[in-house]
Structures are given as structure tokens and as C-alpha cells.
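> Fold the following, please.
(2 chains)
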Amino acid sequence: MTTSAPSSAPRLDRRADGRLLAGVCRGLADHLGLDVVVVRLVFVVLVVSGWAGIAAYCAFWLLVPRREEPAGRRDWGQTLAYLAVTLGLAYLSWGNQATSAAVLPLLVVGAGAAILWQQADGDRRQRWVRTTTGPLRRMWLRSLFGLALVVCGIGGFLVQQVDTAQAREVLIATGVILSGVAMIATPWLLRLWQDLESERHERIRSQERAELAAHIHDSVLHTLTLIQRSAHDPREVQRLARSQERTLRNWLYQPRSDPDQTLAAAVREAAGEVEDDHGVAIEVVCVGDCPLDERLGAMLQATREAMVNAAKYAGTGAVSVYAEVEGDPGGEQVTIFVRDRGAGFDLDAVPDDRMGVRGSIIGRMERHGGTATVRTSPGEGTEVRLEMKK
Amino acid sequence: MTRIVLVDDHQMFRTGVKAELGTDIEVVGEAGDVDEAVSVITAAKPEVVLLDVHLPGGGGIEVLRRLHGTVPARFLALSVSDAAEDVIGVVRGGARGYVTKTISGPELTDAIGRVAEGDAVFSPRLAGFVLDAFAASDLPAADSELDQLTAREREVLRLIARGYAYKEIAKELFISVKTVETHVSSVLRKLQLSNRHELSRWAAARRLV
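Model (predicted):
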């Protein structure tokens, strides 16, 4: 009988990409769900404290299969940094007191370098290129920490190794060399940075362009084709044009919101659907907004029913919908008006068994603790007023 | 007879509007961008300018800025845009009203007549924006009465947003059409003069949600 490993933990294997030596630590880190730095430091400590680490590493190296993937790069900067830390620790634990003090700065420098190189490894560089924002702050903090470690280490080394008498000359010499290097490297680095920036902007621009093109293709061009095909049917042409106009308008001007979650977006969506189904123009004005819940969902159904009635029976091309949310969050008062200037009807003359107005609008609102009033008379148009308190 | 200038960068649209306007309106000039608009309006001295919000050279708001106080013409903004930023911006820039380009010919004629007489023209959508903008203040009401709508003004705006014409509003509230116009003009004045910068900020923020 075989049991399959839980799918959440990746199979233990040696990674080729992002390895320092043989990819053992990287693979272990993936498998255990730990940060690869932690695993590497544990191995460093094990190696230093008596060869057990080396044995373990070799065992993993031999027994764990290599992952089938194209040979990845090896990050030499990090490898060197870890090597420095290992050697430093080894020297500390095996050497005598006097020399170990001298090695301490090296150790600090190694740790700092490890952090800096970790910051700048390939994936991260990729991410800088891809996005502008992100956990930049944390990145800067870490980089600063690494930098501080390196500077402290070098400072410590200088303090230990250089006589106070010579300190001045040494500092001057260092300054001269550093400024020379800076002078040589700065233009090049600057150029590199600018290239990267312009490339990034270009990429963002072309992405936007592609998105725009995709949108126009999917909606506008498609609709124009449909309009040409149904040129003989003015009603259909109008419906298509109106529907396309609405979509485009929403895309351009409306705040992005989810019709499943907020009232205003839901009312707009319902109006759009009724427009599509019945070929009338519905003008929607929303003031305020609030999250949808079950009762407002019922209210939305009633609104839709009122819109459908207006579209079907009013006999005019235009319907106005006004939705207003007043009051503080939690205690909102929601009012929706659906109005047409059409034929109107005599409310008392509607037989009791007709479900439309009584059942779907008035009844539905009352069942959910709201009210609905219908104002109409023949020739005067119809206005349905729906109210609900949250 | 109302003399108007049409400012819109689409020739087709200007032609269409001219054809739809009633006989009471005479088009004395047309312009397709900001510079042209400024010179045509200065020369033709119309009573009303139909001003497109989006124009090459800085938009309708730039025309309003450059002509501010120099011509007696009144401006009616006309746009396909539904963005609160554009609408509120152009009205605060000095337009006497705002209508969308989907408006029908007779309605447009009516709106031009209203603006010519010095009244304000609010589309349902503009009324909605104003209600929203003035309700959006979380700050304690600022000192001036310009920063708040009266209950009556609110009521009138609400009816406009519900699709009522001025005549219907007057009937509904048992007041005269003239009173409705006074209320709307007063709202327009508040909208233009209120120095509550939240108005602009609110309008700009709406796009970013």
C-alpha cells in the first residue's frame, strides 16, 4: 500500500534554480515551507559545530533527486557571503581568543553581504522590474540593515588593524579610491537605472494599450458588426447602440464597483438588463451607496419589476430611475423611484389576481419590511416609490 | 430669437444639433477648439454658448476661464461624459447648466431658452451629483450658508433627479415654476461659489474608487 504525500508540501528534491551549492537547502526550504535563509543558517551552524552538517549535506546531496528543470543560475554573490559566514564562524570556534576577535568583523561583513545579496537576487530584481509598488519599505529596511552590518564590520576591522597614527592616511586613501570608483561607476549605473525605468514605463504603456485594444475589440467592434448586420431593423440597431453606449460609459466613467455588492452598481446593472430586454432608455441616477443585503436584494427585485412594467406598458421610450441612500452606515434609509411619463393606469381597476404590481412590487416590499407606493392615473404616467430602512 | 454659438470639436455633431434646434434659435457662430471658440464668441456676441466639455486645447473649462467676465454670453455645457469631475468642474467654471448629448432637440431648445433668461439647467444626473457632493461632507458644516442646501432646494433637486420637469416640480410642490427656477439658480450659485474644496475633491475621487 502506498500513501501519497500531502499535496500541500512540495516533493523533496534539489532545485537547480536559485541554488548555492547543490540546491539541498533550497529544496528543503520549499519542502518544509521555511525561509531558505533559515535553512541555510542552520546548515552553516551545523557545519561549524562539528562536521555533522557536512555529512548531512552530503547525504541529502546523494539521496535527494534533482528536480527536472533547466539548469539554473548559481548566485555567486550569496555563495561567497555564506562562505564568509561559515569560515568566520569556524575560525571563531576553533581559533584562539586573539585571532577570533580579528575574525568577528569579517563575520559581520559576511552576514551583511548575505542580506544584501538576498535582497538583490534574481526573483526580486524581476519584481522590481515588473511592479513599481509592493513591499518596498520592508525591502529598504532590510537593505539598510545589511548595509549597516557591512559598514560596521569594515569599521571594526579598520579599528582593530590600523594604528591610530595611520588612521588619517588610511581614511584619505580609502576616500580617494572610493571616489574614483564612484566616478567611474556612477554614469554607468545611472544609465542602467534610466534604461530600466524607461523600459518599465514602456511596458506599462503597452499593457494599457493592449487592454484598451482588447476592450474595444470585444465590445465596440463586435457591436458595430452586429449593427451592420441588422441595419434593416431600427429597433434592434437602437438597442445595440444603447447597450454598447452603456457598457462603454460604465467602463470609462463609473467608479469600479461590484454589482453583487453595492446597491448603486446593482441598480445600474438591473436597469441595463431591462434596457437590453425591452429596448427602452432608462436613465439611472444614484445618490449615495451602501452594501447589498438580502432585504435590499428583494428591493432590487421590486425595482426591476417596476422598470419592466414601465418598459412594457408605459408606451414611452424613456424611464427614470432614482436611487438614494441616506443616513449613516448601518441605519441607512434607501429610497428608489421608478418613473415614466407614459400611459399610466387606474390602480383600482387592476384585478386582484394580477400579480405584477401587487405581488411582485407591493407584496414583496412589505414582506421584507419596506413600503411601496404606486402613483398613477390614466394619461399621467406612473411613479413607483420603494422605501426600506436598514 | 436666441443667438447662440456652438462649440464642439465634431463637425457632424454641430450639424446635427443645428438641424434639431427649433426656429427660435439662430446659430451665429461655430467653433471646434478653444482658440477658435474664444475668438468666435468674442466677435459674434451670442446670448448663449453651447459648450462641449471635451475640446482640443484645454477643454470647455479653458474657454470659460479665458472669457471670464469679458462677454455677456451665458454658457450651457454639453457633453457625452458622465464623469462627475467634468460635470462639476465645468459648472464651477461658470456654466449655467449641464446637459448630456443624448438630450432631444425640443429639450435642448427649451434648455437654451432657460439659460438665455438667466436660469440654471440641471439634468437629472447633475442634480444627482450635487446631492451626492453636498451630502458627502463629513466635516462639520462650514461657516457659510453657501456650503449647505436648504431642505427645499434638496427637495427640488431630488425631483429633478427623479426625472421631473420644472413644471411638474412646481405642481408637485405647490409652488410656481418661477420659484422652482429660483431654487435651482440658488443651488447653482452655491455650487459655483462654495469654497468647499471637497466638492472638487469629491468629484475627482469618484473616478478613483
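
> Sketch out the low-pLDDT regions of the chain for me.
If you meant another chain, say so; for now it's chain A. A:1-9, A:16, A:18, A:50, A:69-75, A:92-103, A:117-138, A:254-259, A:317, A:350-356 (pLDDT under 70).

> ah, I was thinking of chain B
B:136-147, B:195-209.

> give me that answer again for 80
Chain B contains residues with pLDDT under 80 at B:22, B:69, B:80-85, B:102, B:133-148, B:193-209.

> Tell me the residues on chain B that lie near chain A, please.
B:81-83, B:102, B:124-125, B:127-128, B:131-132, B:135, B:158, B:161-164, B:206-209 (Cβ under 8 Å from any Cβ of the partner chain). In short, each C-beta sits where N, CA and C put it, glycine included.

> Narrow those to those that are buried.
Buried by 16 or more other Cβ atoms under 10 Å in any protein chain shown: B:81, B:83, B:124-125, B:127-128, B:131-132, B:135, B:158, B:161-164, B:206, out of those.

> Could you tell me the end-to-end distance of stretch B:168-180?
10 Å (Cα to Cα, to the nearest Å).

> How about residues contacting it?
B:152, B:155-156, B:159-160, B:164, B:166-167 (Cβ atoms under 8 Å, 6 or more residues apart in numbering or on different chains).

> buried set for it?
Neighbour-count burial for stretch B:168-180 [16+ other Cβ under 10 Å]: B:168-170, B:173, B:179-180.

> go on, stretch A:320-331?
Neighbour counts over stretch A:320-331 (16+ other Cβ under 10 Å) mark A:320-325 as buried.

> Quick one: the strands in chain A, in order.
A:281-287, A:318-326, A:333-340, A:371-376, A:382-389 (DSSP state E).

> Looking at those, which is nearest to chain B?
strand A:318-326 (2.7 Å; Cβ to the nearest Cβ).

> Name the residues that touch the closest one?
With Cβ under 8 Å, 6+ apart as the criterion, strand A:318-326 contacts A:263-264, A:267, A:271, A:280-290, A:303, A:307, A:310-311, A:332-341, B:124, B:128, B:131, B:135, B:158, B:161-163.

> what ranges do the helices span in the chain?
Using chain A. Counting by DSSP state H, chain A has helices at residues A:24-32, A:36-48, A:52-63, A:76-94, A:97-119, A:122-130, A:136-161, A:167-216, A:222-229, A:234-253, A:263-278, A:294-313, A:355, A:364-367.

> Let me rephrase: I mean chain B.
Using DSSP H, helices in chain B cover B:11-20, B:34-44, B:60-67, B:84-92, B:105-116, B:124-135, B:151-161, B:166-173, B:177-193, B:198-206.

> Can you pull the residues of chain A lying near chain B?
So chain A meets chain B at A:249, A:252-257, A:281, A:283, A:285-288, A:318, A:320, A:322, A:324, A:326, A:337, A:339, A:341, A:383 (Cβ under 8 Å from any Cβ).

> out of those, which are buried?
A:253-254, A:281, A:283, A:285-288, A:318, A:320, A:322, A:324, A:337, A:339, A:341, A:383.

> farthest-separated two in the residues you listed?
Maximum pairwise distance among those (Cβ to Cβ): 27.0 Å, between A:Tyr253 and A:Glu383.

> A:Ile112 reaches A:Gly153, doesn't it?
No, residue A:112 isn't Ile; it's Gly. Yes: taking contacts as Cβ atoms under 8 Å, A:Gly112 lies within contact range of A:Gly153: 6.2 Å.

> a markdown table for the helices of chain A, including distance to B:Val48?
Formatted as a markdown table, the helices of chain A follow (distance: least, Cβ to Cβ, whole Å):
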| stretch | distance to B:Val48 |
| --- | --- |
| helix A:24-32 | 72 |
| helix A:36-48 | 72 |
| helix A:52-63 | 85 |
| helix A:76-94 | 72 |
| helix A:97-119 | 64 |
| helix A:122-130 | 52 |
| helix A:136-161 | 53 |
| helix A:167-216 | 35 |
| helix A:222-229 | 34 |
| helix A:234-253 | 26 |
| helix A:263-278 | 32 |
| helix A:294-313 | 33 |
| helix A:355 | 50 |
| helix A:364-367 | 44 |
